[in-house]
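> Using only what follows, build the 3D model:
(one chain, ligands or ions: 2)
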Amino acid sequence: MENAGHEHPVESATEALKHDHRIIEKVLDVLERLIARSGEAPVEIWRKAIDFIRGFADQCHHLKEEKLLFPAVGERGIPLEGGPIGVMLMEHEEGRGYVRAMAAALDLWDQDPDAAKRTLVANARPYLRLLREHIMKEDEILFNMADGVLSGEEQKKLLAEFEEHEAREIGPGVHEKFLQIANELEQYSGR
Ligand SMILES: [Fe+2]
Ligand SMILES: [Fe+2]
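Ligands and ions are numbered 1, 2, ... in the order given. From the prediction side, this is the model:
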């Protein structure tokens with residue numbers, strides 16, 4: 001398996017997560033165009049966007065935060081329950097609820113496309129708002145807190161653990177596959 005996706009010299013865990021955020025935002029922009037097209041957007045684009053969100057945003061990205069970054073920050077005395085980390089965890093869960101509902105709606109598409117579209121749009125809207133704000137809070141508040149308490153050494157160690165996590169949870173090379181999907185989706189103009 002080819003693994004040429006390490007062109008960006010990322011030095012810290014928080015930097016890597018911010019990099020993920022930029023990729024997720026591309027797909028959130030696609031979701032916004034899908035919502036705007038509402039009933040007329042093609043099912044394949046919805047499906048691709050939701051597959052990306054499940055695989056990359058949830059499995060790959062949110063789990064890196066939940067299983068690795070947040071506990072590391074917790075060890076430095078920032079509480080995991082309540083406070084900003086507690087809010088982030090709650091928002092991940094809230095997001096997963098919308099994603100589950102969107103995935104269920106896709107399964108319904110062949111049977112009842114109109115109902116499926118309504119459910120997709122009804123869940124994509126709050127998801128979009130939630131995730132954009134969530135990303136902003138992490139970029140501007142939480143990751144700064146993490147940078148303040150984690151040493152360069154610890155950041156590098158986390159970064160290595162991120163790679164292991166990805167190889168284990170989603171398989172080697174899958175990160176690159178998701179980058180490609182995000183780029184493909186970006187071409188969807190909504191017209
Ligand atoms: Fe998060
Ligand atoms: Fe995040």
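> Dump the worst-scoring helix or strand of the chain on mean pLDDT to CSV, keeping only the CA atoms.
The helix or strand of the chain with the lowest confidence, counting by mean pLDDT, DSSP states H and E, is helix 174-186 at a mean of 89. The C-alpha coordinates for helix 174-186 follow below in CSV (Å, rounded to 0.1, in the frame of the first residue of the first chain):
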residue,chain,number,x,y,z
VAL,A,174,-7.6,5.1,4.5
HIS,A,175,-6.7,8.6,5.7
GLU,A,176,-5.5,9.3,2.2
LYS,A,177,-8.6,7.8,0.7
PHE,A,178,-10.7,10.2,2.8
LEU,A,179,-8.7,13.2,1.7
GLN,A,180,-9.4,12.2,-1.9
ILE,A,181,-13.1,11.8,-1.2
ALA,A,182,-13.2,15.3,0.4
ASN,A,183,-11.5,16.7,-2.8
GLU,A,184,-14.0,14.9,-5.0
LEU,A,185,-16.9,16.1,-3.0
GLU,A,186,-15.6,19.7,-3.2
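> Counting neighbours, which bits of that helix end up buried?
For helix 174-186, a neighbour-count test (16 or more other CB atoms under 10 Å) marks Val174, His175, Phe178, Leu179, Ile181, Ala182, Leu185 as buried. Using the backbone N, CA and C atoms, a C-beta is placed for each residue, glycine as well.
> Identify the residue spatially nearest to Ser12, adjacent ones excluded.
Gln155 (3.8 Å; CB to CB, 6 or more residues apart in numbering).
> What of Gly77?
In space, Gly77 is closest to Val149, 7.3 Å off (CB to CB, 6+ apart).
> what does Ala101 give?
Nearest to Ala101 is Asn123, by CB to CB, 6+ apart, at 4.4 Å.
> That neighbour reaches Ala104, doesn't it?
No: using CB atoms under 8 Å, Asn123 makes no contact with Ala104, being 9.3 Å away.
> What's the mean pLDDT across stretch 61-74?
Mean per-residue pLDDT for stretch 61-74: 95.
> so where's the chain shaky on pLDDT?
1-8 (pLDDT under 70).
> May I have the phi/psi pair for the residue located most distally from the centre of the chain?
For the chain, the largest distance from the centre (CA atoms, centre = their mean) belongs to Gln111, which lies 29.1 Å off. Note on Gln111: its backbone torsions stand at phi -70, psi -50 [degrees, to the nearest 10].
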